[in-house]
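>>> Here you go, sequence then predicted model.
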Amino acid sequence: MAEFFDHIPEKLAGFIAAQPIFFTATATAESRINLSPKGMDCFRILDPKTVAYLDVTGSGNETHAHLIADGRITIMFNSFDRAAMILRIYGRGVPVLPGDPEWPALVSHFNLLPGTRQIFRIAVESVQTSCGYAVPLMTLEKERDTLKQWNARLSAEEQAEYRQRKNATSIDGLPARLPPVGAIPG
């Protein structure tokens, strides 16, 4: 049975913290829907009505562009072990980049990763749980370190050039802000 909450109850915070992967979904009225998996211990509950996750440079920047244009975001956690459950967080998100007034306080909740480019702060509007009985039982072998290694090999200038080429707009042409060159160490 699905349950809805207007915040993240304490009893669900532990479930969220235990999940090694989560999924983000964003869209605008005219764009494609973007659905992305995330790992690397980058999700934080700041308070029962606010969450955030650290984002690293990758092949696109859809979430950022969609949040600037629309603001809506859904985060989904699945349990892949014996305790079946799906948890969704529905909210409004904003990208926070180095140099933004909110950055120093927000970044203090995270361990920076190679290629860190931004943090997404999300105001929780509602939380939904559902059974998850159709989700398969799986075990985590290990986290991939490919993205960390790739980002660690790039200089600040190479990261800035890559972001300009691949992350300045969404696949539908929506604009995204980029962090200043060299603003984030590592």
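Thanks, I have the structure now. Numbers count the residues shown, from 1 in each chain.

>>> and the gap between residue 20 and residue 122?
19 Å (C-beta to C-beta, to the nearest Å). From N, CA and C alone the C-beta is placed, and that goes for glycine too.

>>> Those two: which is more packed in?
Between residue 20 and residue 122, residue 122 has the larger neighbour count (other C-beta atoms under 10 Å), namely 23 against 12.

>>> Is the more buried one in a helix, a strand, or coil?
Here residue 122 is strand, with the state taken from DSSP: H, G, I helix; E, B strand; the rest coil.

>>> what pLDDT does it get?
Listed pLDDT for residue 122 reads 98.

>>> for it, what are its contacts?
Taking C-beta atoms under 8 Å, 6 or more residues apart in numbering, we find residue 122 in contact with 50-53, 73, 75, 89, 91-93.

>>> if I look at residue 105, how far off is residue 184?
16 Å.

>>> just residue 52 next, same as before
In terms of C-beta to C-beta, residue 52 sits 16 Å off from residue 184.

>>> Would you point out which residue is most central in the chain?
Among the residues of the chain, the one closest to the centroid is residue 53, at 4.6 Å (C-alpha atoms, centre = their mean).

>>> Need the three-state assignment for that residue.
strand.

>>> Look up how far residue 138 lies from it.
The gap separating residue 53 from residue 138 is 22 Å, by C-beta to C-beta.

>>> which stretches of the protein form strands?
3-5, 22-26, 34-38, 43-47, 50-56, 72-78, 86-96, 116-130 (DSSP state E).

>>> Just send those back as JSON lines, with distance to residue 175 too.
JSON lines is the format used below for these (distance: least, C-beta to C-beta, whole Å):
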{"stretch": "strand 3-5", "distance to residue 175": "34"}
{"stretch": "strand 22-26", "distance to residue 175": "15"}
{"stretch": "strand 34-38", "distance to residue 175": "15"}
{"stretch": "strand 43-47", "distance to residue 175": "26"}
{"stretch": "strand 50-56", "distance to residue 175": "17"}
{"stretch": "strand 72-78", "distance to residue 175": "18"}
{"stretch": "strand 86-96", "distance to residue 175": "12"}
{"stretch": "strand 116-130", "distance to residue 175": "14"}
